[in-house]
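Engineer: Kindly generate the corresponding structure for this input.
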Amino acid sequence: MLLAVDVGNTQTVFGVFEGKTLAASLRVATDLQKTEDEYALLLDAFLAQRDRKGKVQGVAIANVVPPLAPAFEALARRRFGVEPLVVRAGVKTGVPILYDNPLEVGADRIVNAVAVCQLYRAPAIVVDFGTATTFDVITAKNEYAGGIIAPGLTLSAETLFAHASRLPRVEIAPPSKTVATNTIESIQAGLYHGYVGLVEGVLEKIREERKEDFFVVATGGQASLIAPSVSAIEKVDLDLTLQGLRILYEKNRS
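Structural biologist: Numbering: from 1, shown residues only. Okay, here's the model as predicted:
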């Protein structure tokens, strides 16, 4: 049984694989103050609840929060007695990285590129709706060509709330109408339609520049909210990063 760990800036996702099947997953808030032992207690409860405690034979980690790296890597060694596969330089991916400096590419972006090449088709664009929204471009030769980074939807909403003293914090949701007649729905309309427009515009610019017929897949916490309004997005796969970790683990297991 494989434990896949996707450590993001806002959320950390644990996935348990039995073969190629994602048997269970757990999404928790990423907390820099939590210790290795606290994360271990969370995992113990999660695995025990699903009758999988003591069955983990491998651990794969994608981490974009460097201060948490020691805790999660030590957890794998001490709790499960295995050396974790950590996505970093030297890991065999099968996806050449064409970035000026490949070390600048986040682990989650590499993992997503590997997953889309294996599970879907290339050329492709992965839109990951996380703390930042990233657009990652994979060529027809399964190369990571580069991408775009924009502020995430939740981050945009929180920034608006923090810097506009008279505007309230609102739930991010599709508005009932575009031209709103109250402040809450006005903010919702601006956030939602503004973000849909951002995603559509970026995807169109990529297509114009690259002149390729891209398969577009969305993942991340806000994917299910935004994707239905973006016709260019063909697939929503909330488990894309976990699946990519499984694929990388199998590629590097020997």
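
Engineer: Can you get me a residue count around Leu245?
Structural biologist: A count of neighbours around Leu245, defined by other CB atoms under 10 Å, yields 29. (Glycine included, C-beta is placed from N, CA and C.)

Engineer: For the stretch 151-254 of the chain, which segments count as strands?
Structural biologist: 215-220, 235-236 (DSSP state E, counting those that start in this stretch).

Engineer: What residue in this protein is the furthest from its centre?
Structural biologist: Thr181 (35.0 Å; CA atoms, centre = their mean).

Engineer: What pLDDT is listed against Ala189?
Structural biologist: Confidence at Ala189, expressed as pLDDT, is 93.

Engineer: hmm, back to that, return the most buried member of the strands of the stretch 151-254 of the chain.
Structural biologist: Comparing the strands of the stretch 151-254 of the chain by mean neighbour count (mean count of other CB atoms under 10 Å), strand 215-220 ranks first with a mean of 24.

Engineer: and it, which strands flank it?
Structural biologist: Here strand 215-220 has these sheet partners by DSSP bridges: strand 124-129 (parallel), strand 235-236 (parallel).

Engineer: and Asn182, how many neighbours?
Structural biologist: A count of nearby residues for Asn182, using other CB under 10 Å, gives 8.

Engineer: Enumerate every residue touching it.
Structural biologist: By CB atoms under 8 Å, 6 or more residues apart in numbering, no residues touch Asn182.

Engineer: Report pLDDT for it.
Structural biologist: We note a pLDDT of 91 for Asn182 in this prediction.

Engineer: One more: Ala173?
Structural biologist: 87.

Engineer: Kindly state the beta-bridge partners for Ile148.
Structural biologist: Ile148 has the following beta-bridge partners by DSSP bridges: Phe135.

Engineer: from what I can see it touches Phe135, true?
Structural biologist: Yes - using CB atoms under 8 Å, Ile148 is in contact with Phe135, at 4.2 Å.

Engineer: These two - which one has more neighbours?
Structural biologist: A count of neighbours by other CB under 10 Å puts Phe135 above the other of Ile148 and Phe135, at 20 against 16.

Engineer: Could you pull up the residues touching that one?
Structural biologist: By CB under 8 Å, 6+ apart, the neighbours of Phe135 are Ile125, Val126, Val127, Gly147, Ile148, Ile149, Ala150, Val202, Leu203, Ile206.

Engineer: Since that was my last question, I'll sign off now.
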